[in-house]
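K.L.:
next come a sequence and a model predicted from it.
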Amino acid sequence: MNQHTVFGPTPPQTTYPNITSALTACQDHARYSGYTVVIRSTERREGKAFRAYFMCDRSGKYRNRTKPSVKPRKKRTLEGAQLGTATCKTDCPFQLCLDRQDDDSWHLRVNQLAHNHPPSLNAAAHPSLRARDLRAHRVEVTRSINSGDSVRSIISKLRAQGTRCIPRDIYNLG
């Protein structure tokens, strides 16, 4: 997709008490607009953060981490056809900036509002949002893992409560 599109209204450009609350507010806003944000970087001066950049989770370019001599792995489908691996990275230009004010509050501003990919139809497509939703059930999931419940049964319980996750999310939490 070569054209840039804006998903819904601008994120709330207001003042926040800290970086975490700003990130949470931006993720809540983005979830219903078809994307999510993550922290790209934080600038520090004298050991104290003074600016943070948020980006779309699809920002950046794919980095091939396999050895050049190794053939890429292929996935098999039910029909027997082989598919190559894929990435969600699209080098999306979306960017927000969070600046520390003199009173130690943080002000959010938009650097680039446009995205270069279509919006996601389901928030479960974003690992950072699934992980955030799953953290609310951390004690329950840990208890289930320790009691010997299978990952499949844990996922069934969570989905019945409205939490979307995949097996990898459970392993990452445990």
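P.N.:
Everything's here; your move. Numbers count the residues shown, from 1 in each chain.
K.L.:
which neighbouring elements make contact with the longest helix seen in the chain?
P.N.:
Taking DSSP state H as the criterion, the chain has its longest helix at helix 19-31. The elements that helix 19-31 packs onto, with contact taken as 3 or more C-beta pairs under 8 Å, 6 or more residues apart in numbering; DSSP states H and E, are strand 37-45, strand 48-56, strand 95-100, strand 106-112, helix 127-135. From N, CA and C alone the C-beta is placed, and that goes for glycine too.
K.L.:
for the residue sitting nearest the centre point of the chain, what are its contacts?
P.N.:
Centroid-nearest residue in the chain, with C-alpha atoms, centre = their mean: S128, separated by 3.2 Å. With contacts defined as C-beta atoms under 8 Å, 6 or more residues apart in numbering, S128 is in contact with Q27, T36, V38, D57.
K.L.:
hmm, try it at 6 Å
P.N.:
T36, V38, D57 (C-beta atoms under 6 Å, 6 or more residues apart in numbering).
K.L.:
who wins for neighbours among these?
P.N.:
In terms of neighbour count, T36 stands highest of the contacts of S128 at 24 neighbours, by other C-beta atoms under 10 Å.
K.L.:
for the nearest residue to that one once chain neighbours are set aside, give its distance to I166.
P.N.:
Nearest in space to T36, with sequence neighbours left out and distances taken as C-beta to C-beta, 6 or more residues apart in numbering, is H126 at 4.4 Å. When C-beta to C-beta, to the nearest Å is the yardstick, H126 and I166 sit 12 Å from each other.
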